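1. Got a sequence here, can you model it:
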Amino acid sequence: MPHRFLERLERGPVVVADGGTGVLVSSAVRRIRCPEEANLKAPDTVVSLHVSFIRAGAELIETNTFGANRRKLAGHYLEQETHAINASAVKLAREAREISGRDVFIAGSIGPLGEQDVESADRRKLFAEQAEVLDGRGVDLFVVETFFDLHELLDAIEGVRAVTALPIVAMLTFDEEAETLAGVSAHAAAKRLAPLGLAALGANHGAGIQAALTALAQMEPNGVPLAAMPNIGLASMAGSRIVYPHATPEYFAEFAAHALSLGARIIGGCCGTTPSEIAAIASAVKEERKPRAPFVIAEREVVVTQAGRAEETQLARKLRQGDWVVSVQLDPPKGANCEGLLDASRELKDSGLVDVVDINDNAGARAGMSAIIVAAAIERTCGMETVPHVTARDATIMGLESTLLGAHAAGVRNVLAVTGDPPEVGDYPGSRGVYEVDAIGLTELISRLNAGEDYNGKAIDAPTSFHVGVAVNPTADDLDLELERFRRKVDAGAAFAMTQMIFDLSYLDRLLERLGGSSPIPLLVGLCPLWSYRLALRFHNELPGVIVPENIQRALDEAGPRAAEVGLALARDLYAGTRERAAGVYIVAPFRRPLAALDLLR
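-> Numbering: from 1, shown residues only. Next comes the predicted model:
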């Protein structure tokens with residue numbers, strides 16, 4: 001016998017769903033770690049919101065459990081409350097139904113985990129655990145919603161199906177071009193979901209009404225009912241408040257009319273939608289309102305110069321040909337004037353001894369001018385090729401992509417992908433880094449941009465042509481871990497590597513031996529002439545991953561006023577030794593004296 005919700009969909013009219021419960025709960029209840037915690041700490045508020053949506057005309061309300069899977073709750077230290085939060089959510093929805101006196105459907109809301117590194121089998125178990133509690137407490141159906149990744153949505157459907165036979169409504173989130181974050185089109189998504197026996201499939205959340213309608217227009221669901229539950233629009237931040245556009249209820253009534261014309265059988269809202277918007281939808285559905293004007297899917301016109309063959313950088317060419325490479329490491333200024341650095345770059349280029357300059361990015365977590373900005377300025381004004389360090393510490397994946405695309409447009413092609421020093425070790429105690437990815441993930445991101453797609457696999461307007469390098473430390477305390485990470489960086493697309501500063505070639509020999517005798521990618525070895533015993537002590541004791549052997553410390557101590565001369569002689573010996581072992585060197589010059597690096601080369 002068909003489930004009563006399926007019969008209701010078949011019989012008609014359109015089922016009106018509720019709006020953005022989670023956002024409204026967060027706005028109404030203070031000092032909760034996530035909206036779902038309100039099920040335990042502010043149950044009356046949750047019931048009141050459910051009742052408001054029912055009175056506005058909603059025939060389907062969702063439990064306040066969108067983020068109530070164990071993994072997501074663990075991020076708020078609420079994993080021990082997983083069962084209680086989900087069970088209470090159903091109880092509160094049922095209370096609201098009784099208070100209203102209307103026979104509405106209660107849907108168990110299940111959202112994504114919000115993480116990409118969870119194995120498929122583990123995802124299914126987490127979704128199944130949540131679904132089992134919701135089913136046991138008496139939901140009528142499930143709404144698995146706001147998924148950005150089609151594969152994760154499929155895992156959610158399978159996880160729910162493992163513990164219940166209740167109907168499932170499945171919805172993905174689409175942008176203005178009807179694509180998911182990973183670049184899956186609405187048409188392709190519907191084609192994949194249609195054979196799965198869903199109660200309905202469709203679009204929710206996303207960039208707003210127009211995005212949802214564009215997605216629906218492209219879906220060919222093979223007779224499966226469609227669902228549309230969009231955001232009120234794109235949100236913005238005002239201090240700690242999330243602010244949504246001032247969309248009128250009439251705008252949502254017109255949306256409902258268009259959704260009806262596109263075949264939607266479930267229509268509601270998501271973030272930012274209140275009972276006012278749901279009431280407008282319910283009114284449009286009741287009136288069987290027709291759209292005032294045909295819905296037009298606007299084609300995006302993009303003018304892109306067709307990419308020809310990527311021009312090889314001088315660094316890439318020299319490394320490919322086996323030519324010796326010399327770089328000098330520069331520290332960006334701590335202020336807004338980089339004229340001194342530009343002058344030094346010109347002199348390094350004019351010396352004929354230096355091929356490129358590599359540029360630190362807030363080394364030691366002390367703020368200076370952006371390495372990317374400095375690199376663009378040097379390349380533009382001095383004609384010297386650069387290798388700016390790009391860290392994963394200071395930006396989200398979106399921010400990193402934006403910075404890299406801008407760097408590419410400015411002519412920067414060589415980059416060194418590094419994780420970055422944690423900010424609390426520098427001038428910003430108490431602050432935290434972003435670290436959405438580490439150096440391995442950053443290398444993968446750059447490789448994907450080179451392949452013409454963003455980090456999630458969505459096509460960009462034109463591929464980049466970065467020559468990406470990575471760091472490796474021969475003196476690492478845990479060399480096994482360092483080698484594992486180095487191999488993963490190579491697999492991610494690294495084209496060359498730069499070592500941590502070394503003061504004893506035996507560490508480099510040990511690294512190469514563990515790599516099978518040679519590095520899989522060209523190595524530039526870090527060298528730094530030690531100009532004082534005090535500097536040697538600081539490097540050895542205060543810089544993580546740097547070892548200055550005792551015999552060198554002793555030699556500098558015994559040299560007294562001749563320490564700089566001794567340090568330079570030791571560095572020259574290292575320089576000569578690296579020519580038999582590596583593809584080149586980068587030289588760390590004395591603080592604010594970059595031209596002193598030339599002393600090692602003359």
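2. hey, which helix or strand in this protein has the poorest pLDDT?
-> strand 236-238 (a mean of 43; mean pLDDT, DSSP states H and E).
3. Could you report the separation of N86 from G526?
-> The gap separating N86 from G526 is 53 Å, by C-beta to C-beta, to the nearest Å. Where C-beta positions appear, they are placed from N, C-alpha and C, glycine not excepted.
4. ok, so what distance separates the residue most central in space within the chain from G441?
-> A centroid search over the chain (C-alpha atoms, centre = their mean) returns I397, at 3.6 Å, as the residue closest to the centre. According to C-beta to C-beta, I397 stands 8 Å off from G441.
5. R485 now?
-> Using C-beta to C-beta, R485 is found at 11 Å from G441.
6. Same question for A583.
-> Distance from A583 to G441, counting by C-beta to C-beta: 25 Å.
7. For E115, identify the helix or strand it belongs to.
-> If you go by DSSP states H and E, E115 is not part of any helix or strand.
8. shouldn't it be in contact with G75?
-> No - counting by C-beta atoms under 8 Å, E115 stays clear of G75, with 9.1 Å between them.
9. Which of these two has more residues huddled nearby?
-> Just comparing E115 and G75: by other C-beta atoms under 10 Å the higher neighbour count belongs to G75, 14 against 11.
10. what are the phi and psi values for the more buried one?
-> With angles defined as degrees, to the nearest 10, G75 sits at phi -60, psi -20.
11. Confirm that T386 sits in a strand.
-> Yes - when DSSP: H, G, I helix; E, B strand; the rest coil is applied, T386 is found to be in a strand.
12. Which residues are in contact with it?
-> V356, V357, D358, I359, V374, A375, I378, E379, V412, N414 (C-beta atoms under 8 Å, 6 or more residues apart in numbering).
13. Helices - which of the residues you listed land there?
-> In helices, judged by DSSP state H, the following of those are found: V374, A375, I378, E379.
14. Top of those by number of neighbours, please.
-> In the ones in helices among the contacts of T386, the most neighbours by other C-beta under 10 Å go to A375, 31 neighbours.
15. ok, now which ones touch L150?
-> So L150 contacts L172, T180, A182, V184, A189, R192 (C-beta under 8 Å, 6+ apart).
16. Actually, F486.
-> Neighbouring residues of F486 by C-beta under 8 Å, 6+ apart: V470, V472, A497.
17. measure stretch 52-64 end to end?
-> 14 Å (C-alpha to C-alpha, to the nearest Å).
18. Let me see the mean pLDDT of it.
-> Averaged across stretch 52-64, the pLDDT comes to 96.
19. what number of residues lie near the nearest residue to G206 once chain neighbours are set aside?
-> Leaving aside its chain neighbours, G206 sits nearest to T173 (4.5 Å; criterion: C-beta to C-beta, 6 or more residues apart in numbering). When neighbours are defined as other C-beta under 10 Å, T173 has 24 of them.
20. R366 versus T173, what's the distance?
-> Applying C-beta to C-beta to T173 and R366 gives a distance of 39 Å.
21. Equivalent analysis for L530, please.
-> Counting by C-beta to C-beta, the gap from L530 to R366 is 21 Å.
22. Over to L405?
-> L405 sits 27 Å away from R366, going by C-beta to C-beta.
23. Ok, L481 next?
-> 27 Å.
24. neighbour-wise, which of those two wins?
-> Taking other C-beta under 10 Å, L481 and R366 do not tie; R366 has more neighbours (15 against 10).
25. about what we covered before: as TSV, the contacts of F486 with pLDDT and distance to R71 would be great.
-> As requested, the contacts of F486 are exported to TSV (pLDDT from 0 to 100; distance: C-beta to C-beta, whole Å):
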residue	pLDDT	distance to R71
V470	97	30
V472	96	33
A497	97	35
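26. Of those, which is the most crowded?
-> Greatest neighbour count in the contacts of F486, by other C-beta under 10 Å, goes to V470: 25 neighbours.
27. Quick check: neighbours of the host helix or strand of that one in the sheet, parallel or antiparallel?
-> Remark: V470 resides in strand 467-472, with elements defined by DSSP H and E. Applying DSSP bridges, strand 467-472 is found paired with strand 414-418 (parallel), strand 496-501 (parallel).
28. Make TSV out of the ones you listed and add distance to G383.
-> Shown next, in TSV, are those (distance: least, C-beta to C-beta, whole Å):
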stretch	distance to G383
strand 414-418	14
strand 496-501	21
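29. Just say which of these is most tucked in.
-> Comparing the strands paired with strand 467-472 by mean neighbour count (mean count of other C-beta atoms under 10 Å), strand 414-418 ranks first with a mean of 26.
30. Average pLDDT for that strand, rounded please.
-> The average pLDDT for strand 414-418 rounds to 96.
31. so how far is that strand from its chain's centroid?
-> 18 Å (C-alpha atoms, centre = their mean, to the nearest Å).
32. One more: stretch 17-27?
-> Relative to the centre of its chain, stretch 17-27 is centred 25 Å away, using C-alpha atoms, centre = their mean.
33. And that stretch, what's buried?
-> Neighbour-count burial for stretch 17-27, counted by 16 or more other C-beta atoms under 10 Å, picks out A17, D18, G19, G20, T21, G22, V23, L24, V25, S26.
34. With stretch 464-477 instead?
-> Going by neighbour count (16+ other C-beta under 10 Å), the buried part of stretch 464-477 is 464-476.
35. buried sites along stretch 263-270?
-> Using 16+ other C-beta under 10 Å as the test for burial, stretch 263-270 gives A264, R265, I266, I267, G268, G269, C270.
36. Next: stretch 440-454.
-> 440-450, 453-454.
37. now stretch 313-324: how far from the chain's centre is it?
-> Centroid displacement of stretch 313-324 relative to its chain, using C-alpha atoms, centre = their mean, is 32 Å.
38. re earlier: need the buried ones from the contacts of L150 selected in ChimeraX.
-> Applying 16+ other C-beta under 10 Å to the contacts of L150 leaves a buried subset, and the ChimeraX line that selects it is:
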select :172,180,182,184,189
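39. Show me which of the contacts of L150 is closest to A344.
-> A182 (44.4 Å; C-beta to C-beta).
40. Now do that closest one against T173, distance only.
-> A182 is 11 Å from T173, where distance means C-beta to C-beta.
41. can you check V588 too?
-> In terms of C-beta to C-beta, V588 sits 47 Å off from T173.
42. do the same with S283
-> As judged by C-beta to C-beta, S283 and T173 stand 26 Å apart.
43. Quick check: the residue nearest to the centre of the chain touching E436?
-> Yes - between I397 and E436 a contact is recorded at 5.0 Å, counting by C-beta under 8 Å.
44. Which residues does the helix or strand containing A257 contact?
-> Here A257, judged by DSSP H and E, is contained in helix 249-261. For helix 249-261, the external contacting residues (C-beta under 8 Å, 6+ apart) are 14, 209, 212-213, 216, 226, 228, 230, 232, 267, 269, 273, 276-277, 279-281, 283-285, 288-292, 295.
45. Go through that helix and flag the buried ones.
-> Buried residues in helix 249-261, counted by 16+ other C-beta under 10 Å: P249, Y251, F252, A253, E254, F255, A256, A257, H258, A259, L260, S261.
46. With stretch 495-515 instead?
-> Neighbour-count burial for stretch 495-515, counted by 16+ other C-beta under 10 Å, picks out 495-505, 507-508, 511-512, 515.
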